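Visitor: Make a model of this:
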Amino acid sequence: MSERETRIRSIIVTYFPMFIATLSLVTSIYNGYLNARFVDIIQRNLGRAEYMRTCKDVIDAYFQVKMRASVISTNRDRAAAAPAMTAEQIEGANAVARLSALGTYLANLRDDAVRARYTELSRAVQAAVSAARTTSPTEVDKLFEPADRIFADLNSDCVKSALDKPM
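Guide: Below you'll find the predicted structure:
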């Protein structure tokens with residue numbers, strides 16, 4: 001073997017394992033990066049799925065509140081002499097509480113502006129349900145006009161969130 005062949009063989013024997021080790025290190029770093037991205041994608045999708053499930057519950061609760069306010073309004077003459085809350089008022093208050101609780105939970109997944117909107121919605125619904133006892137059945141929808149506007153905005157947020165693609 002010539003001097004040149006020996007030198008080339010020595011270089012190959014020395015540097016080839018280092019090259020393989022470097023490739024292994026780069027592959028390991030890239031695998032760690034991909035795993036971190038995968039965990040991030042899963043977390044975002046789980047948060048989005050929970051948000052959508054709660055949006056559904058908020059929508060359901062909102063319409064239950066409106067229905068119960070209508071019952072309170074319809075039965076207002078029957079309970080005019082009783083100072084205690086009627087069963088309908090209690091149900092209305094429970095529905096408002098459920099809506100407020102779900103709205104609060106849902107708002108915790110969003111920014112401060114959305115939290116403020118859910119607080120406004122809860123207050124508007126509470127005011128409408130409280131006023132339903134002294135409102136005629138034909139006027140109940142007018143009680144909910146401020147809440148309906150807020151609810152429409154928040155429902156649009158739910159729709160927008162549902163249409164967002166995971167990254």
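
Visitor: drop to CA atoms for contacts and neighbour counts, all remaining ones
Guide: Will do.

Visitor: What is the least confident helix or strand in the protein?
Guide: helix 87-107 (a mean of 82; mean pLDDT, DSSP states H and E).

Visitor: Which residues does that one contact?
Guide: For helix 87-107, contacts defined as CA atoms under 8 Å, 6 or more residues apart in numbering pick out 51, 54-55, 57-58, 61-62, 64-65, 68-69, 71-72, 114-115, 118-119, 122, 125-126, 129.

Visitor: please redo it, this time with the cut-off set to 6 Å
Guide: Residues outside helix 87-107 that contact it (CA atoms under 6 Å, 6 or more residues apart in numbering) are 58, 61, 65, 68, 72, 115, 118, 122.

Visitor: for the helix or strand residue 37 falls within, packing partners?
Guide: In the assignment (DSSP states H and E), residue 37 maps to helix 3-74. Helix 3-74 is packed against helix 87-107, with contacts defined by 3 or more CA pairs under 6 Å, 6 or more residues apart in numbering; DSSP states H and E.

Visitor: Tell me which two in the contacts of helix 87-107 are the farthest apart.
Guide: 72 and 115 (28.5 Å; CA to CA).

Visitor: Looking at the two, which one has more neighbours?
Guide: residue 72 (29 against 18; other CA atoms under 10 Å).

Visitor: What distance do you get for residue 102 to residue 115?
Guide: 12 Å (CA to CA, to the nearest Å).

Visitor: Correction: the previous question concerned residue 157.
Guide: 12 Å.

Visitor: and if you look at residue 64?
Guide: Taken as CA to CA, the span from residue 64 to residue 115 is 21 Å.

Visitor: quick one: low-confidence parts of the chain?
Guide: 74-85, 165-167 (pLDDT under 70).

Visitor: which residue is nearest the centroid of it?
Guide: residue 51 (2.8 Å; CA atoms, centre = their mean).

Visitor: Now that one: closest residue in space, sequence neighbours ignored.
Guide: Distance criterion CA to CA, 6 or more residues apart in numbering; nearest residue to residue 51, sequence neighbours excluded, is residue 106 at 6.4 Å.
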